[in-house]
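> What follows is a predicted protein model with its sequence.
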Amino acid sequence: MKSGYALGPGPCGSGASSFPRLQLDMKAGFCAGLVASRDDGLKFPRAIVQIPGREQFVVADMGGWGHEDGRLLLLDPTAPEGSRLKELITRLSYPFALAIGPDGKIYGSTDTSIFRFDPLAAQPRTTIETIIHDLPGRRLTLPDGTQIEESAHPLKQFVFDRTGRLFVNVGSHSDNCLTPAPITSPCAPAEGNAPLAAIWMFTPPQGGIFPALKAGDPNPPHEVYARGLRNSMALALHPRFPESGYAFLQAENARDLQDIFAPNEEINALERGRHYGWPYCYDLATPSPEFKRVLQSGPFKDFCKTNATYKQPFSLLPPHGAPLGMLYYKGDKFPELDGRLLIGLHGYRPTGSRLLAYEVDDHGFPKLSEAPVRYHVSCAAEPTRAFQTEAGPVPAAAFDEIISGWHRVNGIRPQGAPVGMTVAADGAIWLVEDKNQTVIRIDRTSGDPPAALPCDTRSAALIDQLARFVADDAASRARLTSVRKGLIEKHCMSCHSDFGLKAGQSDQEKDQAALRFMLAQDGWIYPGDPEAGRLRQRLRGLGAERLMPPGGENLPKTEPGYAKLLDQADQLVAKMVPGTPMRVKSGGPPHRKFFARDGRECGDIPFGKVVVVTQRDAVGKPGFSRFFRPADTYLNGTCTDDDGYYIQQQFLVPL
């Protein structure tokens, strides 16, 4: 295992570019090889770029969210395993983006600057030349004088166009610019001549190369190219931009909402001087309810519907997918991808963790399809959903998935977390994962792709533990017996599996066999959270899959006690784990982070969710409560059940 990945049989690639193959669900003809992992010293990699004319790469490793933990690393994939990475520059503040400039040099970013440097110099730090400085970073002063020590979106993505102009993301200071209700004025930090939530364009002098700045020098001339963009972590310019009509695309990380399917992320076609909605609009034209008064009068009246400055998204992206990398593919290795737009989705929710490929027109815009256009939802009772807004299904750009199944599979792989991407000189696609601390290379392969891996593969030990919980509790045993006799034997076995039930078994053995069968299925049961599992959704007809058993919609009316059986099935799941059910406290951010014993972040739980607390006062972790394993949709793949899961006590309230 490396970075949580079990290395599959056979390599991906050949010769010096042969790396251990990862067990990802990929499009036919593609494979993924693990180049580097946390065992090589990666901590939080965010970007990668190949040094022109060389086999080496530069990796931007933020190190985490400490203020000066960032590093730039030299990656030599031809070096022996364990010695492929070398530190070039350390103690950087939030290095995120890397790019090859118009002069062929490598450029990088911190939260407040854009700079270039020579990664092959004996002392790379001494070659740093800053070309933009004093950008709004993690520390901000808002127009009303409010001091912010940690901006929500301090990272700087940037791209050069073919004339040498530089476009820089200046992210919003918060999720949605909310102030105490009622909000009666526009979002001041997003307005004016130096707005947040915008793309700033810097113009170089004649010759197209920015000069190095000394302390006190002014920045090059700049203007606000586009605004109303919450956080532009993914930017892509068509190679012929800025010729008239060619695409400048931005993939938007939209505002947070508790709803797992709203709002959608966005692909925006950027035009000079346009506004793209944040924080007033989301999806295509849905007004943010918090800004209702602002949108009723004044310059933002009916902004999302009729204002000529507002430009709707070109297409929607899967909700909460979190696009953090985007580029046009150009290379010989995958001719079927030539010119296509690639987008990596980093989001931990079941709509994220994948690599998309869009067919584009002659000007680089993704080709739109009429509604309904569907996207995949990993490990869900409803495996696909149509792009839609509050008004219903809408047209969108359809896409292929190069990596489709990247959900966590215990013992085989963590959940995917792709960030930066690049195309190497040989046409291979390289990407980095921050949460799993890897560098991955995508190569050509032959033959049929392996079968997709199942979701929520529980270990035998965990199934044994849950079965013991039920066997040791009289009320749970009674519920299980009722479900087995009234549901499984009467309605399920005729058209489903035998549930492990065999002739000659005792009632106790039958109960245990049925329970173990259900616990072993993909996403059927999430202990403590019946609403999250497919068992409830299928029995009650809540998802897109067919109601089970067939004709089950009539059973509550025609079979006495059937509705009670459904409730008992819910209670069996809800009460399976001994402990105290508590609710994740609402208010503030829509999610609460939870951790392992050693402090590693394990994921996020939406407020309002119920967890089973097994230790109100966690042993050895003051101020925290320990709770039972949450649903896979809330895990980021960096923790294991043996680590335990802990949340601050202040975020839990009684049911």
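Yes, it's here. Numbering: from 1, shown residues only.
> CA only for contacts and neighbour counts going forward, please
Noted.
> Residue 567: which element?
helix 562-574 (DSSP states H and E).
> Sketch out the low-pLDDT regions of this structure for me.
Under the criterion pLDDT under 70, the flagged ranges of the chain are 258, 381, 411, 456-457, 494-497, 522, 543-546, 550-551, 632-633, 637.
> do you know how far the residue of it most remote from its centre is from residue 487?
Distance from the centre of the chain peaks at residue 504, with 49.1 Å (C-alpha atoms, centre = their mean). According to C-alpha to C-alpha, to the nearest Å, residue 504 and residue 487 sit 20 Å apart.
> hang on, the earlier thing: may I have the helix or strand that the helix holding residue 567 is followed by as PDB, with CA atoms only?
Later in the chain than helix 562-574, the nearest helix or strand by DSSP H and E is strand 580-584. Output of strand 580-584 as PDB, limited to C-alpha atoms (Å, rounded to 0.1, in the frame of the first residue of the first chain):
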ATOM      1  CA  THR A 580     -26.000   8.000  21.900                       C
ATOM      2  CA  PRO A 581     -27.500   9.400  18.700                       C
ATOM      3  CA  MET A 582     -26.700  13.100  18.400                       C
ATOM      4  CA  ARG A 583     -27.200  15.700  15.700                       C
ATOM      5  CA  VAL A 584     -24.600  17.800  14.100                       C
END
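> now what about the helix or strand that strand 580-584 is followed by, what contacts it?
Per DSSP H and E, the first helix or strand lying C-terminal to strand 580-584 is strand 591-595. Strand 591-595 has contacts (C-alpha atoms under 8 Å, 6 or more residues apart in numbering) with 258, 584, 601-607, 645-648, 651.
> Then stretch 311-318?
264-269, 274-277, 283-285, 351-352, 368, 375, 387, 395-397.
> End to end on it, go ahead and measure it.
Stretch 311-318 has its terminal residues 19 Å apart, counting by C-alpha to C-alpha.
> Relative to the whole chain's centre, how far out is it?
Centroid separation for stretch 311-318 versus its chain: 18 Å, with C-alpha atoms, centre = their mean, to the nearest Å.
> and what of stretch 174-187?
For stretch 174-187, the distance to the chain centre is 26 Å (C-alpha atoms, centre = their mean).
> Show me what counts as buried in that stretch.
By 16 or more other C-alpha atoms under 10 Å, the buried positions in stretch 174-187 come out as 174-177, 183-184, 186-187.
> so what's residue 358 up against?
By C-alpha under 8 Å, 6+ apart, residue 358 lies in contact with 340-342, 366-367, 397-400.
> nearest to residue 154, of these?
residue 342 (24.3 Å; C-alpha to C-alpha).
> a helix runs through the closest one, doesn't it?
No - counting by DSSP: H, G, I helix; E, B strand; the rest coil, residue 342 falls outside a helix, being strand.
> what's the burial count for it?
Residue 342 is flanked by 23 other residues according to other C-alpha atoms under 10 Å.
> Please name the nearest non-neighbouring residue to it.
With C-alpha to C-alpha, 6 or more residues apart in numbering as the criterion, residue 342 has its nearest non-adjacent residue at 4.6 Å, and that residue is residue 357.
> Same check on residue 608?
Closest to residue 608 by C-alpha to C-alpha, 6+ apart is residue 584, at 5.1 Å.
> ok now do that neighbour, which residues does it touch?
Contacts of residue 584 (C-alpha under 8 Å, 6+ apart): 592, 605-611, 651-653.
> Run through the bridge partners of it.
In this entry, residue 584 is beta-bridged to residue 652, by DSSP bridges.
> Also residue 647?
For residue 647, the beta-bridge partners under DSSP bridges are residue 625.
> quick one: it and residue 622 touch, right?
No - Residue 647 is not in contact with residue 622 according to C-alpha atoms under 8 Å; the separation is 10.6 Å.
> and the two? which has more neighbours close in?
Set residue 647 next to residue 622 and count neighbours by other C-alpha under 10 Å: residue 647 wins out with 24 against 10.
> coming back round to it: what strand or helix carries the residue nearest to residue 342?
Applying DSSP H and E as the criterion places residue 357 in strand 354-358.
> Keeping just the C-alphas, turn that strand into PDB.
Extracted as PDB, the C-alpha positions of strand 354-358 are listed here (Å, rounded to 0.1, in the frame of the first residue of the first chain):
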ATOM      1  CA  ARG A 354     -13.200  12.000 -11.400                       C
ATOM      2  CA  LEU A 355     -11.600  13.200 -14.600                       C
ATOM      3  CA  LEU A 356     -13.800  14.600 -17.400                       C
ATOM      4  CA  ALA A 357     -13.200  15.000 -21.100                       C
ATOM      5  CA  TYR A 358     -15.400  17.400 -23.100                       C
END
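> quick one: the strands in the stretch 1-150 of the chain?
Secondary structure of the stretch 1-150 of the chain (DSSP state E, counting those that start in this stretch): strands at 7-12, 19-22, 25-26, 30-36, 45-50, 57-61, 70-75, 85-92, 98-100, 106-109, 114-117, 129-132, 140-141, 147-148.
> Tell me which of these lies nearest to residue 514.
strand 25-26 (29.8 Å).
> and the closest one, which strands flank it?
Strand 25-26 has the following strand partners under DSSP bridges: strand 400-405 (antiparallel).
> how about the partner strand as CSV, C-alpha atoms only?
Output of strand 400-405 as CSV, limited to C-alpha atoms (Å, rounded to 0.1, in the frame of the first residue of the first chain):
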residue,chain,number,x,y,z
ASP,A,400,-16.8,11.4,-21.1
GLU,A,401,-15.1,10.2,-18.0
ILE,A,402,-11.5,9.2,-18.2
ILE,A,403,-11.6,8.3,-14.5
SER,A,404,-15.1,7.5,-13.5
GLY,A,405,-14.9,5.3,-10.4
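> I'd like the numbering to begin with 702 instead of 1 from here.
Yep, numbering from 702; the last one is strand 1101-1106 now.
> and it with strand 1055-1059, angle?
Strand 1101-1106 runs at 170 degrees relative to strand 1055-1059, counting by axes from the mean of the first three to the mean of the last three C-alpha atoms, to 10 degrees.
> Could you identify the helix or strand that succeeds strand 1101-1106?
Next helix or strand after strand 1101-1106 toward the C-terminus (DSSP H and E): strand 1119-1124.
> In terms of secondary structure, what does that next one contact?
strand 746-751, strand 1024-1029, strand 1042-1046, strand 1130-1134 (3 or more C-alpha pairs under 8 Å, 6 or more residues apart in numbering; DSSP states H and E).
> would you list those strands in JSON lines and tack on distance to residue 847?
JSON lines is the format used below for the helices and strands packed on strand 1119-1124 (distance: least, C-alpha to C-alpha, whole Å):
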{"stretch": "strand 746-751", "distance to residue 847": "30"}
{"stretch": "strand 1024-1029", "distance to residue 847": "29"}
{"stretch": "strand 1042-1046", "distance to residue 847": "33"}
{"stretch": "strand 1130-1134", "distance to residue 847": "35"}
